[in-house]
Structure formats: structure tokens, C-alpha cells
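Colleague: My questions concern the predicted model and sequence given below.
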Amino acid sequence: MNRERDEEAEYLATFGYKQELNRSLGRFSAFAAGFSFLSILTGATMLFGFGFGFGGPAFFWSMPVVFLGQFPVALCFAELASKYPLAGGLYQWVKNIASEGPGWLAGWILAIAVIPFVAGPALSLQIVLPQLWSGFQVFGTAADVGSYATPGGAENAVLLGSVLVALTTIVNIVGIRLMAFLNNIGVFVELIGCVLLIALLFGHTQRGPEVTLATNGTGAGHPAGYIGAFLVAGLFAVNILYGFDTAGTLAEETTNPRKFAPREIVRALTVSTLLGALLVLAADMAVPDIFRDSTIQQISTLGLPYVLKSILGDGLSTVFLACVVLSICVCTLTVQTGGIRLIFSMARDGKLPASHALSNVNPRTRSIPVPAIGQAVLVFGLLLVNLGNTQIITAVGGLAAVLVYLAYTIVTVSLLHARLRGKWPTPDHGPYFNMGRWGLPANVVAVVFQLFMIVNLAWPRPEIYGVGAWYLTWAGVLFTGVIVLAGGLYYLLAHRRPGKPTALPEHRATTAASAENTTETPDLSTR
């Protein structure tokens, strides 16, 4: 084990970095990081009611459709992770295959996206906790229990979410060992819970799988008919099936990352899609009176908790809802952990304000406290700004998804450009994950899918961003535009004449390998 770690530290040094983070994550921990970011139980709890309400039982098809688009993306990421096992993932990948500018922009966009994505799972506690015990409904009345679509429910969602973010911040400051321990437990419970829940729901089926063709008339009023409704309801799968790159983001803390990270990126997406699709299918087949107007209204309002209670009863459903709470907690924890590593990676290169502080690694715990605290403050700010917003979860989820898909697109476009120039895969790619002749078509599909999803997600829909002021409806476009413009201006002003990318002195490796790399490879696109 020590020999492996020495070899990994030497390989890290070829990129100019010394080993500072605690390389203690094994294969399951790498998988758990990606799986808990996707977190089927969390995503289903957040958006099952949304998907059903806007798409009927047929919203099930959003899972296989989005998977077909995201699987080529995961394959591209797996290739990159096998060559560049560096903290920060996307930022480092683009920086190495393209140039510093696109890499910085991808990192900047994803770092901002993490803020609403940490907030989203945290807010979803409102859907579950008050239904387990009414004492968790601090604000509002009994009518607000389990709902964020009322003023009282939305306020309580912010309270519960803020408490959770504070706790996950403390865990991340304590260190990666505690984070991995809690995350592994949470993922193990979620995996077992998902499998048992799916089995129980299939044991209570009242109709066949043809129910997934029912739309409940949700296409009425859309110019494109049900396709228009499906594009809205598809936010269910779109907002779940990303984040699988987290296994690559934690590469500097993973043993043998060039071997494990690529596999776990693909595995996390595949397992999450399979479990998520089976869960939705089983629920559609088991819900009593699924076509009754009152049932449709209840599912649309209360989501998965109502489904479980109506099928399994209060006692058994409580057990599974407790599993959901745990999955929400570890999802929030992992999203925050990934964001911290991204900020650390960019700051380590001196590419952020206060880079020395943001990249400071605690020598005792090997944690990165300053970005953890800063990230939490920004999440609290986002929650307070949206206090009382009854569409806070869908709006926050929509904004996060737009930014993540945009950052992903920068990666796949940069990789496609490198392929077309004959610079990828590199001659020294090694024996790790490589798509071979399938790389180019997979890369093209990945780019086309992501561009389509960016347009779909940012489209000014009141169903997602709310009814009222025009700037709320256009939030997806405006918020994304402001983020990209602000990031571009900062980069031009602060790094107008970028030199050879090197780490800050305190993070720089001093081995012969790093010296050779930094003196002979000034253009990272040729590495």
C-alpha cells in the first residue's frame, strides 16, 4: 500500500503538485462519492411529485432517455480521469487537454453550480422530516407538513436546509476520513434500502408496466403536445443523473485512482439509472387509484412520501423515509466535498482571489477549511434570498442543472477538439480506460446531448422558475449569462497574460519528475 501511494505521489508530481491530501479512499469510497452525488432516493424525494405532476406516469421514460445521453458523457469523463487523476476533476481535465482559459471557465461555472446544488438536497428535507415527525415543522401549520409549495413550507425548508448545511460543513472541516466513513454508511444503507423498497413495491403492483404510457392529459395546452410536457417533467431525471464525475474530483484522495476512478464514474451512473428507473416503474405500478384526480393531486404535492405511505402504510414507510433522510444528508455532504476540492484545485494554481487561504490544507486533518466555510456562507445566502419562495426546489434545481451541463459541455467540446486534432488519446495514455475507435462518435453524441439539455433547462418556463416578475421566469438564462460574463471578465482582468501554469510555491512538487514536466511542457495542450 505504501509503495502504491509513493507511486501515486510521484505521478502527481509530474503535474507539478505535491501530495497534500489524505490518500485514504478505496474503490467503494470512489463509487460511493459518485453514487451519493446522484443519490436516487434524494432525487426521487425532491422531484417525483414534480415529474408525475407535469408528465403523468410516463415521466418514467425520462430516466432511460437521459441515461442514453449521459452515458457517452460518463465515458468521456472516464477517459480523462484515467489520464489526469487530479483534485478538481473538470477544471484540471480541460486545462490539460485544451488550455488554461477554458479550464478556468469550466471550473468557475461548476464552482458556482455547487452552491444551488448543495442547497437543493438540503431543502428536500422539508419533504420528508415533517412527515416523520410533525415537530420538524417549525414554521407554518399542519397544512404545510411535507410541502415546499406553500409559504410556510418554503420557510421551513430553508430552516431545515440551513441546519443540514451547517452540519455537513463541520464534517468536511474535520476531514476526509470522517466524510468517507459517513458517506460509505449512507450509500450502503441507500443501496440496500433501494433494492428492498423496489422489491416491496413490485410486490404490491396493481397494474402492468403499460401504465408508463399514460400521460394523464398533461400534454394539453403545450404547443408541442406531450413532448412539451415531457421536456418539463424530464427535469426529474436531468436533475438526478449528473455528478458522477465526483469520483474523479476526489482522485488525489483515492488509492490507485487511474484504475478505480474511471470505472466508478461509469458504474455510479449506471447503477443510479437502473435503481431510479425501477423505483419509478414500481411506484407507477403500485400506487392505488393512480388515475383518480385526488390521488394525482396528492402525488404531485407530497411526492414520494405519499406514494410510500399509500402503498406500504405508515409503519413500513417510516423506515424507508428514514433511509431517505440519511441519503439526503450524505448527498449534501458529498456535493459540498466535491465543490471544496474544485475550489482547492483552482486556488492551488493561484487562479482565485485569496488563493493562498482557499488552498490551505490543515496539516493535522488534511482538510481544506476555508473553502468549506466560504461555500456554506454562500449556500446560506442563497437560501435566505429565496425565503418563502414556493418554487424554491425546482428553481434551485433548474439553475444548478443549467450550470452543470454547461461546465460538462466545455469538457466534452474541449475533448472533441483534441480528438479532431489527433491529440487524444495521448501516446502515453497508458493501460487505463480508453474508448478506442468508439471515442469520436461517443464524444459527438455527448456534445449534442448536452447542448440540447442546456437549451431545454434554461428555457424560460414558469413551471420551473415560477410565475411573476419576468426576471424570475428568465432566471435560467439571466443567471447563467451573468455567471459566464463575470467569470470571463475576472479571468481577462486577473490573468490577461497567463504564464506557464504552475502551482503556488507551498503546493509545488520539487521532484525531478515535476521539474522535468514544468520545464519541458509549457503548453499543457501538448502534454
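Modeller: Yep, it's here. These figures come from a predicted structure and were not determined experimentally.

Colleague: so Lys423, which of the three states?
Modeller: coil (DSSP: H, G, I helix; E, B strand; the rest coil).

Colleague: next one: the one 10 residues further on
Modeller: Three-state secondary structure (criterion: three-state DSSP) places Phe433 in coil.

Colleague: Name the nearest residue to it, ignoring sequence neighbours.
Modeller: Pro262 (3.7 Å; C-beta to C-beta, 6 or more residues apart in numbering). To be clear about C-beta, it is placed using only N, CA and C from the backbone, and glycine gets the same treatment.

Colleague: check contacts around the one you found.
Modeller: 77-79, 81-82, 248, 432-433 (C-beta atoms under 8 Å, 6 or more residues apart in numbering).

Colleague: tell me the least confident of the residues you listed?
Modeller: For these, the weakest pLDDT value sits at Tyr432, with 89.

Colleague: Neighbours of the closest residue to that one other than its chain neighbours, how many?
Modeller: Setting aside the residues directly before and after it, Tyr432 is nearest to Ser82 in space (C-beta to C-beta, 6+ apart), at 3.5 Å. Counted by other C-beta atoms under 10 Å, the residues lying close to Ser82 total 25.

Colleague: Same question for Val445.
Modeller: That count, for Val445 with other C-beta under 10 Å as the rule, works out to 18.

Colleague: Assign it to helix, strand or coil.
Modeller: Going by three-state DSSP: Val445 is helix.

Colleague: who's in contact with stretch 121-130?
Modeller: By C-beta under 8 Å, 6+ apart, stretch 121-130 touches 39, 42, 45-46, 136-137, 144-148, 153, 156-158, 160-162, 164-165, 302-305, 321, 324-325, 328, 331-332, 335, 379, 383, 392-393, 396.

Colleague: Helices - which of the residues you listed land there?
Modeller: 42, 45-46, 153, 156-158, 160-162, 164-165, 302, 304-305, 321, 324-325, 328, 331-332, 335, 379, 383, 392-393, 396 (DSSP state H).

Colleague: Throw together a ChimeraX command that grabs the buried residues out of those.
Modeller: Buried subset of these, written as a ChimeraX selection, criterion 16 or more other C-beta atoms under 10 Å:
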select :42,45,46,153,156,157,158,160,161,162,164,165,302,304,305,321,324,325,328,331,332,335,379,383,392,393,396
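
Colleague: Now do the contacts for the residue lying closest to Ser345 once chain neighbours are set aside.
Modeller: Distance criterion C-beta to C-beta, 6+ apart; nearest residue to Ser345, sequence neighbours excluded, is Gly88 at 2.5 Å. By C-beta under 8 Å, 6+ apart, the contact set of Gly88 is 107, 249, 341-342, 344-346.

Colleague: most neighbours, which of those residues?
Modeller: Thr249 (31 neighbours).

Colleague: Pretty sure that residue sits against Val335.
Modeller: No. With contact defined as C-beta atoms under 8 Å, Thr249 does not count as touching Val335 (10.5 Å).

Colleague: For Phe236, which residues are in contact?
Modeller: Going by C-beta under 8 Å, 6+ apart, the list of residues near Phe236 reads 43, 47-48, 50-51, 55, 59, 62-63.

Colleague: what's the farthest-apart pair in the residues you listed?
Modeller: Using C-beta to C-beta, these span at most 15.2 Å, a distance reached by Gly43 and Gly55.

Colleague: circling back: neighbour count, secondary structure and pLDDT for the contacts of Phe236 - can I get that in CSV?
Modeller: Conversion of those to CSV gives the following (neighbours: other C-beta atoms under 10 Å; DSSP: H, G, I helix; E, B strand; the rest coil; pLDDT from 0 to 100):
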residue, neighbour count, secondary structure, pLDDT
Gly43, 29, helix, 87
Leu47, 28, helix, 88
Phe48, 24, helix, 94
Phe50, 24, helix, 91
Gly51, 31, helix, 95
Gly55, 26, helix, 96
Phe59, 29, helix, 97
Ser62, 25, helix, 97
Met63, 26, helix, 97
